[in-house]
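1. coords please:
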Amino acid sequence: MSNIKYLLLRRTTQIGLLFLYFAANAYGWHILEGTFGASKLFGFIPLADPYTTLQVLATGFVLGADVLLGALIIILFYMIVGGRAFCSWVCPINMVTDLANWLRRKLNLDKEEVNYRFLKRNARYWLMVLGLIVSAVVGVSAFEVLSPITIMQRGLVCGFGAGISVVIAIFLFDLFGVKNGWCGHLCPLGASYSLIGKVSLIRVKHDHEACTNCMECKVVCPENQVLHMINKESISVTDGECTNCGRCIDVCGDDALGFGIRSFVNKKD
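-> Numbers count the residues shown, from 1 in each chain. Predicted coordinates:
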């Protein structure tokens, strides 16, 4: 079981958070209530998604100080643990895309050289900017209207309606279309957290001396371009697109990868 330690921790976290949201709705608990866009912790600590907050501000709506404080709390938190840790440890859609990509490997459907020709990873950054522009033009938080994250959360907490089709579409897109298509190429929320993650303190560190170049880490990594140092140099993953999911650590039989605190002394780190 040691090779799925972080996977189990992530699933426990994701399901646990969803249960707390469900319990707030079903039992009136005040531990965690709201949505991933805006929540209250213990009934009084505000939490707000930074990208959602920017969309609302783009509409011209004046936000309260509590929402702005909530966004600041989230930004500071992910500046420590890694911005895209949200994508792998919190976001419920991650469970859908992980399943799709596990099936891709089992069915031998991975053909990255084809995928990257027609859909680049930086598309998510353009969509992030587009979401803000559309929000400003139409006066509504554009991404939130169709966000599969919100759809899945509400579906699991309150029951699915027609929105389940969006979740199924993402699953099929990742399975038969583009490898890591939604999270790795299109999700504007992931793009915003990757910008925060550029300065995060907790990093995956690589020990070149211990590495045997098995490349198992690159097989399971949803953002394997961040592992460019494998079997080359002993440095940390500093790319903000790393999700800090820990799967590379789980599958590394050489103990060449592990979490650590970012070093600001080594220029290569």
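
2. Could you measure from the residue most central in space within the chain over to Thr12?
-> In the chain, the residue lying closest to the centroid (Cα atoms, centre = their mean) is Cys87, at 1.3 Å. Noted for Cys87: a distance of 16 Å to Thr12, by Cβ to Cβ, to the nearest Å. Any C-beta I mention is one placed from the backbone N, CA and C, and that applies to glycine too.

3. helix, strand or coil for the spatially closest residue to Lys120 that is not a sequence neighbour?
-> Of all residues not flanking Lys120 in the chain, His185 sits nearest, at 7.1 Å (Cβ to Cβ, 6 or more residues apart in numbering). Using DSSP: H, G, I helix; E, B strand; the rest coil, the structure places His185 in helix.

4. which residues touch His185?
-> His185 makes contacts with 119-121, 123-124, 178, as judged by Cβ atoms under 8 Å, 6 or more residues apart in numbering.

5. just Trp182 next, same as before
-> 93, 97, 148, 170, 173-174.

6. Which among the contacts of His185 count as buried?
-> Buried members of these, scored by 16 or more other Cβ atoms under 10 Å, are 121, 124, 178.

7. For the second one, which non-adjacent residue is spatially closest?
-> The spatial neighbour of Arg124 that comes closest, neighbours along the chain excluded (Cβ to Cβ, 6+ apart), is Ala191 at 4.0 Å.

8. Show me what the host helix or strand of that neighbour is packed against.
-> Element membership for Ala191, per DSSP states H and E: helix 188-197. In this structure, helix 188-197 packs against helix 50-58, helix 65-81, helix 85-89, helix 123-138, with contacts taken as 3 or more Cβ pairs under 8 Å, 6 or more residues apart in numbering; DSSP states H and E.

9. among these, which is the most enclosed?
-> helix 85-89 (a mean of 26; mean count of other Cβ atoms under 10 Å).

10. okay if I get the contacts of Trp182 as TSV plus secondary structure, neighbour count and distance to Arg262?
-> Output for the contacts of Trp182, formatted as TSV (DSSP: H, G, I helix; E, B strand; the rest coil; neighbours: other Cβ atoms under 10 Å; distance: Cβ to Cβ, whole Å):
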residue	secondary structure	neighbour count	distance to Arg262
Ile93	helix	26	27
Thr97	helix	25	27
Pro148	helix	23	31
Ile170	helix	23	32
Phe173	helix	16	34
Asp174	helix	26	30
